[in-house]
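Trainee: any chance you could fold what I've pasted below:
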Amino acid sequence: MHSASEYNLDELNAALKRTIFSSKLHYFPEIASTNTVAMQAAGTGTEEGTVFLTDQQTSGRGRNGHSWHSQPRTSILVSIVLRPRITAAQSLWLSLMAGVATQKAIHETCDVKCDLRWPNDLLAGKRKVCGILTEISADVERLRFAVIGIGINVNQTAFPDPIAALATSLRIESGKNWHRPALLCALLESLEAAYFQALAKDGLEKLLRESEAISTYIRGKRVHVDEAGGYEGTTQGLDEQGFLQVRTAEGLRRVLSGGVRELP
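Mentor: Model prediction:
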């Protein structure tokens with residue numbers, strides 16, 4: 001164990017002993033990307049609920065090839081292996097589920113209320129405090145596995161240019177320094193509850209309602225969408241699979257993967 005880390009695997013496993021993550025945590029003082037390691041491990045059969053955790057990423061990544069800034073020992077940087085029995089086409093709900101679960105854990109632990117920017121960012125005010133990257137491996141018939149990577153800015157006091165105007169941390173928002181292991185345990189417990197709830201009967205419908213309840217972006221927001229050459233419109237809620245719908249001058253469009261930004 002790295003001496004400067006707050007993480008103690010014995011304590012974490014004891015705290016998580018009633019969850020699917022118990023005795024499945026792997027810690028690295030520094031790593032290129034927890035998602036990369038998790039995807040490799042999942043491809044060789046590692047169990048559902050396996051968690052990869054680090055104090056610093058040197059090549060962290062977000063959606064659409066974006067990088068993720070990581071200052072040592074100030075963030076929660078974690079990737080979780082899941083094996084839901086679904087098709088690849090159904091996998092979008094995993095990102096929404098992770099967003100709902102993370103928002104709840106942050107609110108209940110740190111009393112910071114975050115806004116969900118579809119499908120995978122949590123904002124405090126107008127600035128990003130958490131990013132979620134879901135990667136999957138699938139064949140034609142089914143999803144083989146999914147890896148959910150979650151990066152939360154916890155105890156940073158400042159950010160370098162040019163991201164200073166775009167990023168914030170729980171410490172900046174609350175004025176308090178937070179114990180990362182306690183927040184990590186709350187996050188994993190919240191994620192497990194949201195995951196099994198979503199897999200239950202009518203779980204997806206409930207997840208979509210919860211996503212809309214914590215997001216100002218899903219309905220009635222004027223936005224720019226990056227995909228298909230870029231277009232603008234007003235968000236009109238989620239469809240039955242969790243894709244964002246945007247009303248444009250040409251009609252209703254379904255956002256498949258493009259970044260969504262609020263228009264001034």
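Trainee: His26 belongs to a strand?
Mentor: Yes: secondary structure of His26, determined by DSSP: H, G, I helix; E, B strand; the rest coil: located in a strand.
Trainee: pLDDT at it, what is it?
Mentor: pLDDT, His26: 97.
Trainee: name the helices or strands packed onto the helix or strand harbouring Ala98?
Mentor: Secondary structure assignment for Ala98, by DSSP states H and E: helix 92-110. In terms of contacts (3 or more C-beta pairs under 8 Å, 6 or more residues apart in numbering; DSSP states H and E), helix 92-110 is packed against strand 115-117, strand 121-124, strand 127-138, strand 143-153, helix 170-174, helix 180-199, helix 203-213. No exception for glycine: its C-beta is placed from N, CA and C like everyone else's.
Trainee: what angle separates the third one from strand 143-153?
Mentor: It refers to strand 127-138. Compare the direction of strand 127-138 with that of strand 143-153 by axes from the mean of the first three to the mean of the last three C-alpha atoms, to 10 degrees and you get 160 degrees.
Trainee: circling back to that earlier point, deepest-packed of the helices and strands packed on helix 92-110, please.
Mentor: For those, average neighbour numbers computed from mean count of other C-beta atoms under 10 Å are highest in strand 143-153, which has a mean of 24.
Trainee: what lines up beside that one in the sheet?
Mentor: Looking at strand 143-153 with DSSP bridges, its paired strands and their directions are strand 75-82 (antiparallel), strand 127-138 (antiparallel).
Trainee: where's Arg222, which helix or strand?
Mentor: When elements are assigned from DSSP H and E, Arg222 belongs to strand 219-225.
Trainee: could you give the angle of that strand to helix 203-213?
Mentor: Here strand 219-225 points in a direction 80 degrees away from that of helix 203-213 (the same axes, to 10 degrees).
Trainee: beyond strand 219-225, next helix or strand please.
Mentor: The helix or strand immediately downstream of strand 219-225 is strand 231-238, counting by DSSP H and E.
Trainee: okay, now the closest residue to Leu12 other than its chain neighbours: neighbour count?
Mentor: Taking C-beta to C-beta, 6 or more residues apart in numbering as the measure, Leu12 lies nearest to Leu25, with 5.6 Å between them; neighbours along the chain are not counted. By the criterion of other C-beta atoms under 10 Å, Leu25 has 20 neighbours.
Trainee: what residues are up against Leu25?
Mentor: By C-beta atoms under 8 Å, 6 or more residues apart in numbering, the contact set of Leu25 is 9, 12-13, 16, 51, 53.
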